[in-house]
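Enquirer: Structure for the following, please:
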Amino acid sequence: MQKFNQLHKLFTYTDKTLIKINPNEILVYVYAKAVLSEELEKIRHYPREEVTEYPICIEVRFPVSAVRETTEHILASAEALAQVAAVSPEFYNIFGTKKGVNITDVLLVASQKILEQFAGYEAIELSKVSNQCLSLSSVFFYGAATRLAKKGENDWVKPLLTGEEEPYAIYNTSSQNVYERLCIENKGGKFFVTRKAIEDFLALPHRFTAVDTVTRPFKAVRGVFGQVFKEPIPGSPYAPSEMYNEQGRRNKVLLAPAVWRLRLVMVEEEIFGEPVYIVKGMPAYILREEMEEYKKNDADQIANTRKIREYLKEKQLVAVTGELG
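Expert: Numbering: from 1, shown residues only. You can find the predicted model right below:
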């Protein structure tokens, strides 16, 4: 059994009464509140004065076409996007500090059950919009834990709902805005990494140290896209075996031989109507002899992936029980 620290908590809350349908957009109000872990405050010497400890309101906007979404899906989508907007240093940065909080130190306490299910990789039915929104949040918060609020934990929001209190700040965002901030762009185009790609990156045998040492996994992965990529030779073992996938989307592979020594395994897709490369994986791009040596020591990418999954699964299970705060 792993020992986990008590985590910082981000509470978020929304419900169907907080949905407003306008002629040109759908607006969902999501309240958020940060609670600093006293244990981590001591261990990390975290500056409490930089944390916004009063509740804020995130106004999340969707195109009017989202009116076709179920109430359950639109609330889950809004809450997921609001979590990013509250925490990211590119948005409100509720935990303060220039670089933002360590993502692996955060426990997301949500009001919508779907967020806990998605974080636990449960098989749930999602619309295209809700899947995209939850995917955006899940890559930013890769390494964090998520659970549903327990009875009484949402009492902080009651004065805000009745109008007895006002939020400390109101922050505006949208599904498109969050996508644009999390999408990675360079001369090769636009890229969006998946949870599987982040997992592959962390499991690279020539870079792997310990499961919990990379505290901002999504930010670490973004560093890969600052280098020049190479196209694999057509027909080589590194090139796509099929030009198109079953949905008729083009498969693509790029090689990053310097520094990172990995492959970007991708498919051309569209998110919010824009073309983008979805990075499905980042397998190692190293010599066969080196790979065999790692394999002998149970330290290859497959073995490291297993360690990461076991660690994060246990962390999520412990979070759901309420033991992480």
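
Enquirer: So which residues of the stretch 101-250 of the chain form helices?
Expert: For the stretch 101-250 of the chain, helices defined by DSSP state H, counting those that start in this stretch occupy the ranges 113-119, 128-140, 158-162, 175-182, 195-202, 217-222.

Enquirer: elements contacting the longest one?
Expert: Identification of packing neighbours for helix 128-140 by 3 or more Cβ pairs under 8 Å, 6 or more residues apart in numbering; DSSP states H and E yields helix 71-87, helix 113-119, helix 175-182, helix 195-202. No exception for glycine: its C-beta is placed from N, CA and C like everyone else's.

Enquirer: and with 10 Å instead?
Expert: Contact here means 3 or more Cβ pairs under 10 Å, 6 or more residues apart in numbering; DSSP states H and E; on that basis helix 128-140 packs against strand 56-63, helix 71-87, helix 113-119, helix 175-182, strand 189-193, helix 195-202, helix 217-222, strand 262-271.

Enquirer: As PDB, could you dump the C-alpha coordinates of the last one?
Expert: Meaning strand 262-271. Listed in PDB are the C-alpha atoms of strand 262-271, where the atom choice follows Å, rounded to 0.1, in the frame of the first residue of the first chain:
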ATOM      1  CA  LEU A 262      10.500   9.000 -28.800                       C
ATOM      2  CA  ARG A 263       7.900   8.600 -31.600                       C
ATOM      3  CA  LEU A 264       4.700  10.600 -31.800                       C
ATOM      4  CA  VAL A 265       1.900   8.200 -32.900                       C
ATOM      5  CA  MET A 266      -0.900  10.300 -34.100                       C
ATOM      6  CA  VAL A 267      -4.200  10.500 -36.100                       C
ATOM      7  CA  GLU A 268      -5.600  13.600 -37.900                       C
ATOM      8  CA  GLU A 269      -8.800  14.600 -36.300                       C
ATOM      9  CA  GLU A 270     -11.000  17.700 -35.600                       C
ATOM     10  CA  ILE A 271     -11.700  19.300 -32.300                       C
END
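
Enquirer: That strand - contacts with which helices or strands?
Expert: helix 128-140, helix 175-182, strand 189-193, helix 195-202, strand 251-256, strand 274-281.

Enquirer: how about 6 Å then?
Expert: Other elements packing on strand 262-271 under the criterion 3 or more Cβ pairs under 6 Å, 6 or more residues apart in numbering; DSSP states H and E are strand 251-256, strand 274-281.

Enquirer: same deal with the longest one?
Expert: In terms of contacts (3+ Cβ pairs under 6 Å, 6+ apart), helix 71-87 is packed against strand 8-13, strand 25-35, strand 56-63, helix 128-140.

Enquirer: quick check: angle from the third one to strand 25-35?
Expert: When you say that, I think you mean strand 56-63. Interaxial angle, strand 56-63 versus strand 25-35 (axes from the mean of the first three to the mean of the last three Cα atoms, to 10 degrees): 150 degrees.
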